[in-house]
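Q: based on what follows, work out the 3D shape:
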Amino acid sequence: MRLYFIKTPHILKKLFPKYTWCFPSVEKEIYLTFDDGPIPVVTEFVLDELQKYKAKATFFCIGDNIKKHSSIFSRIVKEGHSIGNHTFNHLNGWKTTNKNYRENIELCEKIILKEAVKLEEFKEVKLFRPPYGKIKGKQGKELLKKGYKVIMWDVLSADFDATVTKEKCLSNVVDNAEKGSVIIFHDSIKASRSLYYVLPKILEEYTKKGYKFKAIL
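A: Numbers count the residues shown, from 1 in each chain. Next comes the predicted model:
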């Protein structure tokens, strides 16, 4: 079993206050985010489910996947969701030199802009989420200086973890999400078993409770 926090501790948020962990809100609103796509089938499933509830979300895309599956990327944009940079090759910032990390992010940004410029619906928002949540201090400072918002999370679904049951994945979200929470899912093959089970239930349950699902802008 991997060691990670399902609910991000307040102390971690205080240690890195310039990163966005959640959105303080008195309104019933939740921010669903999806990492690692776009890919066929899984990302399309996510989009279909979001569409049923008129829900908006934020997709932190891998540049190489955008390049391979540009039509799915276009659909994300056309349906009103936000796009975030997740590096071109899903790099671990702790294991990557600052120069290589910066260049990989820039490559992803170029791919995003190349594909998005064709779409009237695209509104550029400079969002970045570090793969694995692992980023060096200097890497983060460079991104903030360039105008990026570094988006972390408030609730981790753990859909990527094969040792976590789909029922536990659901309770991870339901037991910890609150107004303004940023929740992580993954539109990846590895996460699909839990994602297919959990996402429809979250959308249905929170819609019934009067929540709105918003994209990060």
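
Q: partners of the top strand by length along the chain, with directions?
A: If you go by DSSP state E, the chain has its longest strand at strand 29-35. As defined by DSSP bridges, the strand partners of strand 29-35 come to strand 58-61 (parallel), strand 182-186 (parallel), strand 212-213 (parallel).

Q: turn those into JSON lines, including mean neighbour count, mean pLDDT and distance to residue 137.
A: All C-beta spots, glycine's among them, are computed from the backbone N, C-alpha and C. Converted to JSON lines, the strands paired with strand 29-35 look like this (neighbours: other C-beta atoms under 10 Å; pLDDT from 0 to 100; distance: least, C-beta to C-beta, whole Å):
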{"stretch": "strand 58-61", "mean neighbour count": "27", "mean pLDDT": "98", "distance to residue 137": "20"}
{"stretch": "strand 182-186", "mean neighbour count": "23", "mean pLDDT": "98", "distance to residue 137": "21"}
{"stretch": "strand 212-213", "mean neighbour count": "16", "mean pLDDT": "98", "distance to residue 137": "32"}
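
Q: rewinding a little: for the longest strand of the chain, give the mean pLDDT please.
A: Averaged across strand 29-35, pLDDT comes to 98.

Q: that older thread, out of the strands paired with strand 29-35, nearest to residue 155?
A: Closest to residue 155 of those, according to C-beta to C-beta: strand 182-186, at 4.6 Å.

Q: off-centre distance for the closest one?
A: Centre-to-centre, strand 182-186 and its host chain are 5 Å apart (C-alpha atoms, centre = their mean, to the nearest Å).

Q: only alpha carbons, please: show it as CSV.
A: Extracted in CSV, the C-alpha atoms of strand 182-186 (Å, rounded to 0.1, in the frame of the first residue of the first chain):
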residue,chain,number,x,y,z
VAL,A,182,-10.4,20.3,-5.6
ILE,A,183,-10.7,16.5,-6.2
ILE,A,184,-8.3,14.4,-8.3
PHE,A,185,-9.3,11.6,-10.6
HIS,A,186,-7.3,10.2,-13.5
